[in-house]
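# Need a 3D model of the sequence below.
(one chain, ligands or ions: 1)
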Amino acid sequence: MSNSTAELIRQAIASHPDPETGRPLETMGQIRSVAVDGDIAEIDLALSSHSLPIQEDVKDAIESKVVAAVPGVTPKITINIHERPPVRLGQIALRAKSVIAVGSGKGGVGKSTVAASIALTLSRLGSKVGLLDADVYGPSIPQLLGLSGRPAVNANKKIEPIMLEGKLPVMSMGFLVEPDQAVIWRGPMLHGSINQFLADTNWGELDYLIIDMPPGTGDVALTLSQAIPLAGAVVVCTPQEVALLDAVKAISMFRKVNIPLLGMVENMSGFLCPDNGKTYDIFGQGGARTKSEELNVPFLGCLPIDITLRTAGDEGKLAEVIASNEKARAPFDGVAKAMVREVASQTSQKPNQGSLPVL
Ligand code: ADP
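Numbering: from 1, shown residues only. Have a look, this model is predicted:
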């Protein structure tokens, strides 16, 4: 096999969309080299850290395209990380590539646990992530992550977020008010505080900003949709019919303010008993999947009731579980990757406009 084989391979993969921009890999300068030696094809690809959570998908897709175009060749794909800095979002000086809202129709379904776990998982898989707790009525992110302290204001008058393990910036109303102080803000004050969290926090450059929304109400969703373009929303629910009805309301709320739906997550979906390994469907199972099909919303996966998660949440050790407990984190890996796939798929249908640096 020869140079012309390398050329055939290049052509076969040229139009594959970059997961971050939705534009063809070739035109974005991301096919670094294709070298053929015997029946081995070495392909070097450049991806940005935004795409790292689904790098295996990219490898698999490229492999299939190569094998289909040149039967008998064995592709060896190397992925190199190159950064493409985020552009300013909207009118706000927030530099994040994908802003994702995590919502629910009602409280107590595990929305904050899912939002925090998605942020922790994307960070573990190599992306730069920030977490904004916009659940101003019941901010539980500081509790779940064991974070406390008052955010400082820096010389540029920006609020310094509290850093989790030195790398994941977190901002929450919980850092600003006493735990027993109920926040009863509505309307303009709520609007102002959310905008301030977005615009006046020193987030740095992010691949993903995950926002834990207050349950139910549309106020914050409306504020967000006016402030910045969102990549989309994830709706968390439990399998019970009543929670599903609430989830339907949450979905129509996001639709009303033109925030795209990335998918539904079914939390507390069956209880895996640690004593006998059997699964018990305490709240039923599968309701969210059926509902998501009815509503034409992607389904991102099920998360079982896991005692490890509940105790970790109570003790502020959710980050430790996601970092080191492979069994407990596996379903969250599935959900986070499915979500990034959906972001990539929606981006490839509507590739990023404007000029973007070639990698
Ligand atoms: P919400 O944000 O919807 O109010 P939280 O994320 O604060 O819900 O979760 C409520 C409680 O349920 C917390 O104690 C949390 O640790 C627990 N929890 C959430 N998801 C699970 C799960 N899959 N397994 C076990 N406990 C969970």
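
# switch to C-alpha atoms for all contacts and neighbour counts from now on
OK.

# Contact distance from the ligand - what residues of the chain qualify?
Selection of the chain residues close to the ligand by Cα under 6 Å from any ligand atom yields 107-113, 140, 267-268, 303-307, 309-310, 313.

# And these, which of them are buried?
Buried members of these, counted by 16 or more other Cα atoms under 10 Å: 107, 109-113, 140, 267-268, 303-306, 309-310, 313.

# Now do residue 210: how many residues are near it, please.
25 (other Cα atoms under 10 Å).

# wait, what's in contact with it?
Under the criterion of Cα atoms under 8 Å, 6 or more residues apart in numbering, the neighbours of residue 210 are 99, 100, 101, 102, 115, 116, 118, 119, 129, 130, 131, 132.

# doesn't residue 203 make contact with the last one?
No. Residue 132 is not in contact with residue 203 according to Cα atoms under 8 Å; the separation is 9.8 Å.

# where does the stretch 1-150 of the chain have low pLDDT?
1-3, 89-91 (pLDDT under 70).

# for the chain, what spans make up the strands?
With DSSP state E, the ranges of strands along the chain come out as 31-37, 40-47, 74-81, 96-104, 129-133, 162-164, 168-172, 206-212, 232-237, 261-272, 279-280, 299-305.

# what's the closest of the ones you listed to residue 149?
Closest approach to residue 149 among the strands of the chain (Cα to Cα): strand 162-164, 7.5 Å.

# Contacts for that closest one, please.
145, 147, 148, 149, 150, 151, 169, 170, 171.

# Just the buried ones from those, in PyMOL syntax?
Selection command for PyMOL covering only the buried members of the contacts of strand 162-164, criterion 16+ other Cα under 10 Å:
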select buried, resi 145+147+151+169+170+171
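
# With respect to the ligand, which of the contacts of strand 162-164 is nearest?
Closest approach to the ligand among these (Cα to the nearest ligand atom): residue 145, at 10.7 Å.

# OK, contacts around the closest residue to the closest one other than its chain neighbours?
Once flanking residues are discounted, residue 145 sits nearest to residue 316: 4.5 Å by Cα to Cα, 6 or more residues apart in numbering. The neighbourhood of residue 316, defined by Cα under 8 Å, 6+ apart, consists of 142, 143, 144, 145, 146, 147.

# any idea how far the residue lying closest to residue 333 once chain neighbours are set aside is from residue 51?
Computed as Cα to Cα, 6+ apart, the closest residue to residue 333 that is not its neighbour in sequence is residue 121, at 6.3 Å. Distance, residue 121 to residue 51, by Cα to Cα, to the nearest Å: 13 Å.

# same question, residue 149
Counting by Cα to Cα, the gap from residue 149 to residue 51 is 32 Å.

# now the helices: where do they sit in the stretch 101-250 of the chain?
Assigned by DSSP state H, counting those that start in this stretch, the stretch 101-250 of the chain shows helices spanning 111-124, 141-145, 187-199, 219-227, 241-256.
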